[in-house]
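Enquirer: Below are the sequence and a predicted model for it; my questions follow.
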Amino acid sequence: MRLVPLLAGFALTTACSSAPPAREFDGQTAFGYLQQQVAFGPRIPGTAAHARMAAWLDSTMRRRSDTVVVQAWNHVTARGDTLPLRNVIARFNPAATERVLFFAHWDTRPVSDNPTFKGDRTQPVPGANDGASGTAILIALADALRKQPAKVGVDLLFTDGEDYGNFQSEPADVLIGARYYAAHQLPGPKPLYAVLLDMVGDKELRLLPENQSVLAAPEVVDLVWTVAKEIGHGDVFVNDIGAGPTLIDDHVELQKVGIRAIDVVDFEYGAGNSFWHTPDDTIDKVSAQSLQVVGDVMMALIRRH
């Protein structure tokens, strides 16, 4: 994802209740999924670790979901490299016409390009937070949905190639999987809304509304932050409109094709965002409790329908 300067719908009909739901999401289990991803090594497209992660993700979701759709293709970069990429879409209640979408990227960045990083910038990023955290939450959501199916249709989209290229000079080589999904949507109705989870495992998690999300889908932002407050997580989901970052991230590609997509992201990862896009994006910087908070909110959203 990339930080950009701040730039200058429809009615959701889900009912709201002040009673907190029973806890279904298991943050400790989600943390185990995060650890497994990091154990593969950096999940850079075209590497053996990326291939191992792809196989594990595919088999993991087939054991949990009603059906899995794999979007596999080769992407040729601006530098002439051919990347074997794949999106994995795990579907629950696939016949439902009312659907919601949750998504995260599962790849990791091949270089450490944080401008504050003083070390070797050719090093890859481990992606404990940037990649593994959102993916881990989606897998743990699948665990909960397998135990207790939802009335609404739920799609869990794992995008590939989000973080490969340079956001300034190689715009076609980032957000690749989200762009591919937007151009090759599954048959049937668009989701009511879509929620992107990116960098949501920080031990010091604080989630402010992202500004592109507020501009494109304010009612979805309001829904998510309201639900978070109602179930007791308003201290983490801080509803301070205008105080959050403005990011180029996977949600923007879905917004372009009319999907009401927002980004749930903590873009203050370490002092001065010092861990982002560096070798310091490691397991010791993330926590099961942060995954628990975000997972609780996503499950509460699903159960509202």
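Expert: Everything's here; your move. Numbers count the residues shown, from 1 in each chain.
Enquirer: Mind listing residues that contact stretch 292-304?
Expert: Where contact means CB atoms under 8 Å, 6 or more residues apart in numbering, the residues beyond stretch 292-304 that reach it are 14-16, 20-21, 23-28, 30, 100, 102, 137, 140-141, 144-145, 150, 152, 154, 195, 197, 200, 205, 207, 223-224, 227-228, 230-231, 233, 236-237, 264. C-beta: built from backbone N, CA, C; applies to glycine.
Enquirer: what about the nearest residue to P110 once chain neighbours are set aside, which SS state?
Expert: In space, and not counting its chain neighbours, P110 is closest to I44: 4.6 Å by CB to CB, 6 or more residues apart in numbering. Secondary structure assignment for I44 (DSSP: H, G, I helix; E, B strand; the rest coil): coil.
Enquirer: Give me the number of neighbouring residues for I44.
Expert: I44 has 21 neighbouring residues, counting by other CB atoms under 10 Å.
Enquirer: go on, the one 3 residues further on?
Expert: Other residues within reach of T47, judged by other CB under 10 Å, total 17.
Enquirer: give the contact list for it.
Expert: T47 touches G41, counting by CB under 8 Å, 6+ apart.
Enquirer: Tell me how far it lies from A132.
Expert: Here T47 is placed at a distance of 15 Å from A132 (CB to CB, to the nearest Å).
Enquirer: A128 contacts D281, correct?
Expert: Yes - with contact defined as CB atoms under 8 Å, A128 counts as touching D281 (5.4 Å).
Enquirer: so where do the strands sit in this protein?
Expert: Under the criterion DSSP state E, the chain contains strands at 2-3, 67-76, 82-92, 99-105, 153-159, 194-198, 247-248, 261-265.
Enquirer: The third one - what's its average pLDDT?
Expert: By that I understand strand 82-92. Per-residue pLDDT over strand 82-92 has a mean of 98.
Enquirer: Now do it: distance to the chain's middle.
Expert: Taking the mean of its C-alpha atoms, strand 82-92 sits 14 Å from the chain's own mean (CA atoms, centre = their mean, to the nearest Å).
Enquirer: Perfect, that will be all.
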